[in-house]
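J.: Sequence and predicted model, in that order:
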Amino acid sequence: MELIYLHHSGFAILTEQCTVIIDFYEDSLSENEGILHNEILNREGKMYVLASHFHADHFNKQIFEWENNKKDITYVLSNDIRKRRKITSSSVNWLKKGETFCDELIKVKAFGSTDVGISFMIEIQGKKIFHAGDLNNWHWMEESSEEEWKRDEKKFLKEIELISNEYPNIDLAMFPIDPRLGKEYMRGGIQFTQAIKTSVFIPMHFWGDFNSANEFQQYAKDKGIQSPLITHRGQIFKKLLL
């Protein structure tokens with residue numbers, strides 16, 4: 001199993017039997033150029049395309065063009081996309097918080113978000129993989145009052161508790177480490193890994209600021225969490241989930 005970082009919060013998971021693409025926004029070189037269009041979309045086997053919510057940096061309507069050339073493709077999308085992006089496709093599996101899509105290869109359960117849409121817990125080949133979407137502790141401490149950021153933090157911690165009650169241990173988390181939040185921008189990722197035992201942690205949603213994203217690595221090392229440096233779009237992480 002391989003994990004490929006496309007851009008921003010977009011990833012691809014490659015197994016021998018299938019491909020999972022999550023929150024495609026742009027390919028590794030540009031919107032339409034890179035490892036996804038050159039290689040991944042041409043892979044044999046079943047393909048699953050997931051999108052956590054309608055925001056333009058997590059959802060690109062281009063995903064529906066892919067079924068013109070690939071027959072065995074399954075869409076699993078957050079229900080907010082249907083209304084906000086006016087999607088009428090009958091081939092989509094729409095998910096709300098608490099709902100699950102499952103077939104012979106994959107299980108996808110929708111958890112909540114602290115913004116819009118959902119987050120995903122993916123079970124595939126015996127591994128539990130979490131993609132946060134826009135679930136994070138969006139505390140904005142340097143801009144909000146203490147009452148406001150504590151209210152937002154409480155909402156985040158409640159959602160994490162719901163996840164940890166069902167999944168106390170996971171193999172891989174893709175989670176926002178967004179430097180726009182200010183000096184405590186890693187707070188949400190730290191709280192997530194404190195609540196849910198995480199084997200591998202990959203930052204996302206860091207707006208091209210790789211140096212800030214990789215600051216999480218030191219915390220992860222101290223806690224026995226594997227968190228490889230993320231250095232470029234199109235990066236391939238091999239043997240993360242042995």
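T.: Received the coordinates, thanks.
J.: where along the chain do the helices fall?
T.: Assigned by DSSP state H, the chain shows helices spanning 35-38, 79-84, 146-166, 187-195, 210-214, 216-222.
J.: Columns mean neighbour count on top of those, output as TSV?
T.: For glycine as for every other residue, the C-beta is placed from the backbone atoms N, C-alpha and C. As requested, the helices of the chain are arranged in TSV below (neighbours: other CB atoms under 10 Å):
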stretch	mean neighbour count
helix 35-38	18
helix 79-84	17
helix 146-166	15
helix 187-195	20
helix 210-214	17
helix 216-222	15
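J.: between the ones you listed, which one is nearest to Ile73?
T.: helix 35-38 (13.5 Å; CB to CB).
J.: re earlier: mind putting the helices of the chain into TSV with mean pLDDT?
T.: Listed next are these as TSV, based on pLDDT from 0 to 100:
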stretch	mean pLDDT
helix 35-38	98
helix 79-84	96
helix 146-166	95
helix 187-195	98
helix 210-214	98
helix 216-222	97
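J.: Could you export these as CSV, including distance to Asp23?
T.: CSV is the format used below for the helices of the chain (distance: least, CB to CB, whole Å):
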stretch, distance to Asp23
helix 35-38, 12
helix 79-84, 11
helix 146-166, 18
helix 187-195, 17
helix 210-214, 16
helix 216-222, 19
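J.: Nearest to Val92 among these would be which one?
T.: Nearest of the helices of the chain to Val92, taken as CB to CB: helix 79-84 at 7.4 Å.
J.: same for the closest one, what does it pack against?
T.: Helices and strands touching helix 79-84, by 3 or more CB pairs under 8 Å, 6 or more residues apart in numbering; DSSP states H and E, are strand 92-95.
J.: tell me the contacts of Gln194?
T.: Residues counted as contacts of Gln194 (CB atoms under 8 Å, 6 or more residues apart in numbering): none.
J.: how long is stretch 103-113 from one end to the other?
T.: Using CA to CA, to the nearest Å, the end-to-end distance of stretch 103-113 comes to 24 Å.
J.: neighbouring contacts of that stretch?
T.: For stretch 103-113, the surrounding residues in contact (CB under 8 Å, 6+ apart) are 17-18, 20, 46, 48, 50, 52-53, 74, 76, 78, 95-102, 118-124, 132-135, 159, 162-163.
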